[in-house]
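Participant: quick one: sequence plus predicted model below, questions after.
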Amino acid sequence: MYDKVLIEKDWCKGCGICVAFCPKKVLAIKNNKVYLVDNEKCNECGVCEEKCPDFAIYIRRNNNERTKVNAG
C-alpha cells in the first residue's frame with residue numbers, strides 16, 4: 001500500500017490548517033510538522049492540499065502521480 005498523502009516536510013510550517021480541515025482526522029502536527037496518522041482512513045478528498053497555504057501537502061491519486069487540486 002502506498003501513502004495517499006504526500007508531505008513536503010521542508011515546506012511545512014506546522015500551521016495545522018490541514019489538520020483542522022481534514023474530515024477523517026488522518027493528519028496531526030508533531031514537532032511543528034504535519035504527519036500522516038492513518039493512511040487507511042484517508043478518502044482522498046483533497047481538502048488538506050486545498051487549504052495548505054504553503055503547498056506542502058498533496059494527494060496521490062494514482063500509484064505514482066502527485067497533483068495539486070487548486071493549481072492554476
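Facilitator: Nice, I can see it.
Participant: now do the strands in the chain.
Facilitator: Assigned strands in the chain, in chain order: 5-7, 27-30, 33-36, 57-60, 66-67 (criterion: DSSP state E).
Participant: sheet partners, orientation included, of the fourth one?
Facilitator: Translated: strand 57-60. strand 5-7 (antiparallel), strand 66-67 (antiparallel) (DSSP bridges).
Participant: what residues are bridge-paired with the residue positioned nearest the centre of the chain?
Facilitator: Closest to where the C-alpha atoms of the chain average out (CA atoms, centre = their mean) is Ile57, at 4.0 Å. Counting by DSSP bridges, Ile57 forms beta bridges with Ile7.
Participant: could you check how far Lys9 is from Pro23?
Facilitator: Spatial separation of Lys9 from Pro23 under the definition CB to CB, to the nearest Å is 23 Å. Just so you know, the C-beta spots here come from the backbone N, C-alpha and C atoms, and that holds for glycine as well.
Participant: er, Phe55 actually
Facilitator: Look at Phe55 and Pro23: by CB to CB, they are 21 Å apart.
Participant: counting neighbours, go ahead and name the busier of these two.
Facilitator: The neighbour comparison of Phe55 against Pro23 (other CB atoms under 10 Å) goes to Phe55, with 13 against 10.
Participant: setting aside sequence neighbours, what's the nearest residue to the more buried one?
Facilitator: Of all residues beyond its chain neighbours, the one nearest Phe55 is Trp11 (6.4 Å), with distances taken as CB to CB, 6 or more residues apart in numbering.
Participant: thanks again, I'm all set now.
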